[in-house]
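In: Need the 3D shape of this:
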Amino acid sequence: MNVGTSRFLALAVLGLAGLAQASAQEPDPALHHIKEIHVGTMGQGDGAERYRVLLEKELRRVGFDVADKADDADAILTGTHSAEVHGDQASSRATVVLKTRSGKQIWFGDYVSQHRGEGPNETEKVTAGNCADGLRSDWEKAGKSGK
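Out: Sure thing, here's the model as predicted:
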């Protein structure tokens, strides 16, 4: 196994472990009060802005409103995103935090997508979709636990 493949697999395992930890926690009941989200910076890498736009689209798909300005939102979603291509393997990882406008963290997620034979664009789209789906799922759980 070459160094690139080893690194790729290590990132995958770490990403999946982070996802399991994020999903195992009981969601903050305040999460269910969030309707409108501002998507802030997703890091400084080449694909960070593209990922931010994809994430906005995916959040709308799962039923959230997306605000252009942080002042107009119930909460702000920020994080980091990275994408790598090694041969025919592409991976994308996003670690995100949702905070209320007052700065209280109410949600965290760590998502990884890996594909063979597809470029980073597809993996970034899948990662954004998984993030939006995870947030929506936890939003629904928070509504049930907050009753």
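In: The protein: strands as residue ranges?
Out: Secondary structure of the chain by DSSP state E: the strands cover 36-39, 65-66, 75-86, 89-100, 105-116.
In: tally of neighbours for the residue nearest to residue 84 when sequence neighbours are not counted?
Out: Spatial nearest neighbour of residue 84, excluding adjacent residues (C-beta to C-beta, 6 or more residues apart in numbering): residue 91 at 5.2 Å. For every residue, glycine as well, the C-beta is placed using N, CA and C. For residue 91, the count of nearby residues is 23 (other C-beta atoms under 10 Å).
In: what sits against the most centrally placed residue in the chain?
Out: The centre of the chain sits closest to residue 131, judged by C-alpha atoms, centre = their mean, with a distance of 3.6 Å. Shown in contact with residue 131 (C-beta atoms under 8 Å, 6 or more residues apart in numbering): 55, 58, 94, 96, 109, 111.
In: Throw those into CSV and include pLDDT and neighbour count, thanks.
Out: Formatted as CSV, these follow (pLDDT from 0 to 100; neighbours: other C-beta atoms under 10 Å):
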residue, pLDDT, neighbour count
55, 97, 27
58, 98, 23
94, 94, 27
96, 97, 23
109, 96, 22
111, 94, 25
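In: nearest to residue 138, of those residues?
Out: residue 109 (8.1 Å; C-beta to C-beta).
In: right, and the closest one touches residue 133 too?
Out: No: judged on C-beta atoms under 8 Å, residue 109 makes no contact with residue 133 at a distance of 10.0 Å.
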